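In: sequence and predicted structure, then a few things I'm wondering about:
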Amino acid sequence: MDRSSLLAKLCIAPLPVPAEWYAIPLRLMIGFGFFEHGYAKLARGHENFAGILHAIGMPFPDLLSMATIAVEILGGLMILLGAFIPLAAVPMIVVLLVATFTVHLPYGFSSIKLQSYGAAGAHFGQPGYETDLLYLAGLIALAIGGGGAFSLDKYMSAKRDRI
């Protein structure tokens with residue numbers, strides 16, 4: 001293969017790799033991101049997150065705090081493993097929509113708002129809803145396209161098809 005044909009293959013989508021590999025970076029980022037957010041809330045104590053939920057006027061803050069942490073940790077693990085992705089995506093999408101409309105929407109679209117830079121480093125403003133939309137898009141893409149290569153969903157589907 002000459003250089004021009006190799007360059008052409010690498011410049012035009014899809015790349016010359018198995019199509020189902022699209023899901024791997026999505027699963028890694030979305031799964032780890034959700035897991036990490038849930039773990040951070042758990043490590044600080046669900047009561048602290050419940051206090052935040054109470055401050056923004058959410059009903060049943062203790063229950064919602066524990067439910068959010070469970071959705072983020074368990075949903076994150078399910079996405080990482082590629083297990084029951086459409087099922088896992090539904091409560092994860094609900095958490096994202098609640099966060100978008102109750103916290104991030106008033107701050108606009110951008111998730112990075114550099115306000116100033118000083119001796120202590122960069123100072124950022126409140127994040128907007130951009131990251132929420134990216135997570136939503138990734139979850140929807142995985143729910144539509146499947147968990148892809150090395151997912152439990154693919155393994156279970158192949159096993160079911162052999163029966």
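Out: Structure's in. What do you need?

In: is it true that Gln115 lies in a helix?
Out: No: Gln115: not assigned to a helix; according to DSSP: H, G, I helix; E, B strand; the rest coil it is strand.

In: contact partners for it?
Out: 123-125 (Cβ atoms under 8 Å, 6 or more residues apart in numbering). Bear in mind the C-beta positions are built from the backbone N, C-alpha and C, glycine included.

In: and Ala70, by the same measure?
Out: With Cβ under 8 Å, 6+ apart, Ala70 has these contacts: Gly38.

In: any idea how far Leu64 is from it?
Out: Distance, Ala70 to Leu64, using Cβ to Cβ, to the nearest Å: 11 Å.

In: next: Leu136.
Out: 19 Å.

In: helices of this protein, start to end?
Out: 3-11, 23-44, 46-55, 61-81, 85-99, 130-145, 152-162 (DSSP state H).

In: now render those as a markdown table, adding distance to Ile112.
Out: As requested, the helices of the chain are exported to a markdown table (distance: least, Cβ to Cβ, whole Å):
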| stretch | distance to Ile112 |
| --- | --- |
| helix 3-11 | 29 |
| helix 23-44 | 16 |
| helix 46-55 | 22 |
| helix 61-81 | 22 |
| helix 85-99 | 17 |
| helix 130-145 | 8 |
| helix 152-162 | 33 |
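
In: turn these into TSV, including distance to Leu105 and mean pLDDT.
Out: As requested, those are arranged in TSV below (distance: least, Cβ to Cβ, whole Å; pLDDT from 0 to 100):
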stretch	distance to Leu105	mean pLDDT
helix 3-11	38	82
helix 23-44	18	98
helix 46-55	16	97
helix 61-81	18	98
helix 85-99	9	98
helix 130-145	9	97
helix 152-162	33	89
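
In: which one of the ones you listed lies nearest to Ser110?
Out: Closest approach to Ser110 among those (Cβ to Cβ): helix 130-145, 5.7 Å.

In: dump the C-alpha coordinates for the closest one into PDB.
Out: Provided in PDB are the C-alpha atoms of helix 130-145 (Å, rounded to 0.1, in the frame of the first residue of the first chain):
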ATOM      1  CA  GLU A 130     -22.100  21.500  27.700                       C
ATOM      2  CA  THR A 131     -20.700  18.500  29.500                       C
ATOM      3  CA  ASP A 132     -24.200  17.300  30.300                       C
ATOM      4  CA  LEU A 133     -25.100  17.300  26.600                       C
ATOM      5  CA  LEU A 134     -21.900  15.500  25.700                       C
ATOM      6  CA  TYR A 135     -22.800  12.700  28.300                       C
ATOM      7  CA  LEU A 136     -26.400  12.600  26.900                       C
ATOM      8  CA  ALA A 137     -25.200  12.300  23.400                       C
ATOM      9  CA  GLY A 138     -22.700   9.500  24.300                       C
ATOM     10  CA  LEU A 139     -25.400   7.600  26.200                       C
ATOM     11  CA  ILE A 140     -27.900   7.900  23.400                       C
ATOM     12  CA  ALA A 141     -25.200   6.700  20.900                       C
ATOM     13  CA  LEU A 142     -24.400   3.700  23.000                       C
ATOM     14  CA  ALA A 143     -28.100   2.900  23.500                       C
ATOM     15  CA  ILE A 144     -28.700   3.000  19.700                       C
ATOM     16  CA  GLY A 145     -25.500   1.500  18.500                       C
END
